[in-house]
Every structure is written in C-alpha cells, then in structure tokens.
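Model the structure of this input:
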Amino acid sequence: MLYGPIIMNPKLPVTDPNLKRLHEDFMDSLDEELEMELDDLRGPDAMTDQTRGSRLSYFKHLLHLQAELVKLQDWVMASGHRLVIIFEGRDAAGKGGVIKRITQRLNPRVCRVAALPAPNDRERSQWYFQRYTAHLPAAGEMVLFDRSWYNRAGVEKVMGFCSDEEYEEFFRSVPEFEKMLVRSGIQIIKYWFSISDDEQHARFLGRILDPLKQWKLSPMDLESRRRWEAYTRAKEIMLERTHIPEAPWWVVQAVDKKKARLNCIDHLLSQVPYHEVPHDSVVLPERVRNPDYIRHPVPQTMIVPEKY
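Numbers count the residues shown, from 1 in each chain. From the prediction side, this is the model:
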C-alpha cells in the first residue's frame with residue numbers, strides 16, 4: 001500500500017490532497033507523544049528544531065491547562081466534589097482526543113472514563129438509565145462519559161434501535177433524571193462536539209487510509225455518514241429538549257481539533273469552583289542501607305530483549 005511509507009516518513013513530499021490530510025493526521029497523532037516529552041523538557045527552546053508557530057503555542061497552552069486540571073483534581077479529592085462530564089458528538093468529532101488530553105496527567109483512580117459498549121440482552125431489559133448509574137462518581141471523583149445515556153436520542157433513534165414510545169419516554173425522563181443527580185450533589189457538564197459535513201468526510205477518509213486508525217471505523221460509523229441529515233435532526237431535537245438550567249449543553253466548535261481541545265478544557269475549568277489545595281512539602285527519605293544486603297542477578301531468560 002502506497003500510504004504506509006508516506007505516513008511513516010514525514011520528509012517525503014505530499015502532493016495528493018487526501019495524502020496530505022492523512023499526513024497531517026499522522027503528525028497530529030505524533031503530537032501526543034511530543035506532549036508527553038515536553039513535560040520533561042519544560043521549555044520552548046527544546047522545540048527549536050520542530051515545527052514552530054501554532055504547534056508550539058498549542059503545546060504551551062495545553063501544558064498550562066493540564067496543570068490547572070491537576071489543581072482541579074486535587075480540589076475534587078479534598079472537597080469530595082462529584083463531577084460528571086458528558087461528551088457527545090458525531091463520529092470522528094474529536095471527543096476521544098479531548099478526553100485523552102484531560103486524563104493524560106490525572107490519577108485514573110480519581111478521573112476515570114466510562115465508555116460503555118452496546119447494551120446486552122439483560123441490560124436492554126433494565127430501566128434505561130440503570131447501566132449508567134453504576135458508573136456515577138463517589139465523593140472525590142470525576143467521571144468522563146465517552147458517549148452516554150444520550151445514545152437513545154442519537155444513534156438509537158437514527159438507526160431504529162428504539163421504538164417511538166421509548167424515544168419519547170427518554171425525553172420525559174432525562175430532565176428529571178439529571179435534576180435528581182444534581183440534587184444529590186453531582187455536577188453535570190454536557191458537551192456536544194460540532195464538526196462540518198466536509199470535515200467528517202475528511203476524517204473518515206483518513207481512518208480508511210491509515211492502517212493505525214482503521215479499527216476506529218465500524219459499520220455503524222459508515223452508516224452514520226450516509227445518514228448525516230437524520231443525525232442533524234436528531235441532534236437539534238436533543239439539544240432543544242434536554243437543555244436545562246441544572247445541566248445545560250455546551251457546543252464545542254471542533255473542526256480545528258487542537259483549538260477544540262484547548263477551548264473545551266478551558267471552559268471545563270471555568271465551570272468548576274476549584275482552587276489550589278495546599279500540600280505539605282514532600283521530602284524524599286534516605287534509603288536504608290544494610291551491610292548484608294545482596295541483590296541477586298535476574299536470569300537472562302527473564303530479561304526482555306533490548307532491541308531499541
């Protein structure tokens with residue numbers, strides 16, 4: 001396949017528009033690794049030989065926002081706050097990308113992601129919200145729903161997986177369900193990631209052409225592309241009927257993935273009344289050294305080969 005060598009060698013010239021977009025997406029995926037490295041490098045000078053300008057600005061803003069997310073996490077733990085963040089949007093809208101950046105430097109025991117698969121036969125026989133309630137946060141926890149109970153208003157409606165009666169019952173129930181959660185002390189923040197028709201087409205094409213991303217495309221994703229207009233109508237009805245003061249919707253303009261990540265994280269931080277929590281100074285203790293300590297060698301058969 002021609003695309004593989006071009007993706008893996010950023011220095012090769014890219015002229016075909018589709019390949020150019022695929023190349024850009026691959027470089028964007030590399031940025032995630034660069035973000036991790038920047039945590040150790042801690043300075044713009046380390047990027048001198050990298051592509052500068054907007055990418056450097058993005059890294060600087062992202063690291064600043066992630067530092068604030070750590071403060072938010074500390075405050076959530078100290079205060080016992082319970083936070084639910086819902087991420088909805090079309091397929092390939094960038095929900096997973098922003099979730100990665102939010103959780104990248106946080107404690108997974110405090111900030112966890114709930115990405116539920118399609119319900120099984122037993123779950124389909126339960127109260128619709130029942131399988132989601134098991135993932136709600138306890139005191140001092142944040143839960144990020146990568147899609148949520150709003151599946152019923154979106155994919156289930158468009159694909160015919162629920163009846164008209166179940167669909168209407170959802171809209172009767174969900175405002176009361178969310179109000180009940182808020183009364184119990186859970187804060188709910190809901191995001192819809194909005195992309196254009198052309199942008200989704202480009203991202204789907206990128207997934208088709210990139211062997212590392214093909215797993216992201218399911219038959220349901222491809223069918224959703226065909227039913228773009230039906231999804232638009234379902235989204236509009238959902239936002240209109242479930243936008244309540246206790247749990248309003250916030251729309252993230254997500255055509256530019258990097259800007260969407262920064263804007264979403266910045267807005268999230270503005271929605272929670274957190275503050276920096278003072279910590280005791282950490283002092284590394286001296287290691288105890290015993291004169292009879294012996295470290296026995298590990299058998300070579302147990303060593304992972306050092307290929308790199």
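
low pLDDT regions in the stretch 51-200 of the chain?
Where the stretch 51-200 of the chain drops to pLDDT under 70, the residues are 51-52.

need the strands for it, in chain order.
In order along the chain, the stretch 51-200 of the chain carries the following strands (DSSP state E, counting those that start in this stretch): 82-89, 111-114, 141-146, 186-194.

Pick the most buried one from the ones you listed.
Mean neighbour counts were taken over these using mean count of other CB atoms under 10 Å, and the top value, a mean of 23, falls to strand 82-89. Backbone N, C-alpha and C define where each C-beta goes, glycine included.

which residues does the most centrally placed residue in the chain contact?
The central residue of the chain, meaning the one whose C-alpha is nearest the mean C-alpha position (CA atoms, centre = their mean), is residue 99 at 1.7 Å. Residue 99 sits next to 87, 113, 144, 146 when contact means CB atoms under 8 Å, 6 or more residues apart in numbering.

make it 10 Å
Going by CB atoms under 10 Å, 6 or more residues apart in numbering, residue 99 touches 85, 87, 111, 113, 115, 144-146, 261, 264.

need the strands of the stretch 51-200 of the chain in TSV with distance to residue 237, can you?
Written out in TSV, the entries for these read as follows (distance: least, CB to CB, whole Å):
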stretch	distance to residue 237
strand 82-89	13
strand 111-114	24
strand 141-146	20
strand 186-194	13
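
closest to residue 286 out of those?
Comparison of the strands of the stretch 51-200 of the chain against residue 286 by CB to CB identifies strand 111-114 as nearest, at 33.3 Å.

Which strands border the closest one, and is each parallel or antiparallel?
Paired strands of strand 111-114, with direction, are strand 141-146 (parallel) (DSSP bridges).

and the partner strand with strand 186-194, angle?
30 degrees (axes from the mean of the first three to the mean of the last three CA atoms, to 10 degrees).

closest to residue 168 out of the strands of the stretch 51-200 of the chain?
Of all those, strand 82-89 comes closest under CB to CB, at 19.5 Å.

Report the strands that pair with the closest one, each with its relative direction.
Strand 82-89 pairs in its sheet with strand 141-146 (parallel), strand 186-194 (parallel), by DSSP bridges.

quick one on the thing from earlier: ok, which of the strands of the stretch 51-200 of the chain comes nearest residue 21?
Closest among the strands of the stretch 51-200 of the chain, using CB to CB: strand 186-194, at 18.9 Å.

Export only the CA atoms of that closest one, formatted as PDB.
As requested, the backbone C-alpha atoms of strand 186-194 are provided in PDB (Å, rounded to 0.1, in the frame of the first residue of the first chain):
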ATOM      1  CA  ILE A 186     -23.400  15.600  41.300                       C
ATOM      2  CA  GLN A 187     -22.400  18.400  39.000                       C
ATOM      3  CA  ILE A 188     -23.100  17.600  35.300                       C
ATOM      4  CA  ILE A 189     -21.400  19.300  32.400                       C
ATOM      5  CA  LYS A 190     -22.500  18.300  28.900                       C
ATOM      6  CA  TYR A 191     -20.500  18.900  25.700                       C
ATOM      7  CA  TRP A 192     -21.600  18.500  22.100                       C
ATOM      8  CA  PHE A 193     -18.600  18.400  19.600                       C
ATOM      9  CA  SER A 194     -19.700  20.000  16.300                       C
END
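
how distant is that strand from the center of its chain?
Its chain's C-alpha centre and that of strand 186-194 lie 12 Å apart, by CA atoms, centre = their mean, to the nearest Å.

who's in contact with residue 95?
Contact partners of residue 95, counting by CB under 10 Å, 6+ apart, are 86-89, 115, 144-147, 191-193, 252, 254, 260, 264.

and if you look at residue 85?
Taking CB under 10 Å, 6+ apart as the contact definition, residue 85 lies against 98-99, 102, 111, 113, 142-146, 148, 187-191, 264, 268, 271-272.

in the stretch 51-200 of the chain, which spans are helices?
Counting by DSSP state H, counting those that start in this stretch, the stretch 51-200 of the chain has helices at residues 54-79, 95-103, 121-124, 130-133, 155-159, 164-183, 197-209.

Show me what the first one packs onto, helices and strands only.
Packed against helix 54-79, as judged by 3 or more CB pairs under 10 Å, 6 or more residues apart in numbering; DSSP states H and E, are the following elements: helix 17-41, strand 82-89, helix 95-103, strand 111-114, strand 141-146, helix 257-270.

closest one to residue 293 among those?
The nearest among those, by CB to CB, is helix 17-41 at 31.0 Å.

one step back: can you tell me which of the contacts of residue 95 is nearest residue 106?
When those are compared for distance to residue 106, the smallest value, 9.9 Å, is given by residue 144; criterion: CB to CB.

ok, that closest one touching residue 88?
No - distance between residue 144 and residue 88: 11.8 Å, which falls outside the contact criterion (CB atoms under 10 Å).
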